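Enquirer: make a model of this:
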Amino acid sequence: QVQLVENGGGLVQAGGSLRLSCAASGLSVSSANMGWFRQAPGKEREFVAAVSRSAATIRYADSVKGRFTISRDVAKNTVYLQMNSLKPEDTAVYSCAADRGLSAATMRASAYDYWGQGTQVTVSS
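Expert: Residues are numbered from 1 along each chain as shown. Predicted coordinates:
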């Protein structure tokens, strides 16, 4: 079966950086749209970034553009989220997801078929 396992979360000061990884098994990251979402306490899940199966399309939420970068390593079957210039409002549980549908790098959480367990990112002020 498909498994997505995130790592790399932690506690960082505002202005710092973290790199999250999402290791996939049972699915190739080049055969699916791969996305990152986050959910802060008391808030709805929100889209962060996504890369299409061909890697030709990459999308970011406006709140992270210029600070976060999504990438993938097909050989390692892993997707990454490099997060720079972190802000306290970036604090959330970050989850990766895989979408086997036809839309390229969709921002809709409902389109994603598989989800990881999430990793906590806490940014202190």
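Enquirer: show me the contact partners of stretch 93-102.
Expert: Applying C-beta atoms under 8 Å, 6 or more residues apart in numbering, the external contacts of stretch 93-102 come out as 2, 4, 6, 9, 20, 22, 24, 27, 29, 31-40, 45, 48, 79, 81, 106, 109, 111-121. For every residue, glycine as well, the C-beta is placed using N, CA and C.
Enquirer: tell me the buried residues in it?
Expert: Val93, Tyr94, Ser95, Cys96, Ala97, Ala98, Asp99 (16 or more other C-beta atoms under 10 Å).
Enquirer: in the sheet, who's paired with the third one?
Expert: With DSSP bridges applied, Ser95 shows beta-bridge pairing to Phe37.
Enquirer: tell me how far it lies from Gly66.
Expert: Note on Ser95: its distance to Gly66, by C-beta to C-beta, to the nearest Å, is 22 Å.
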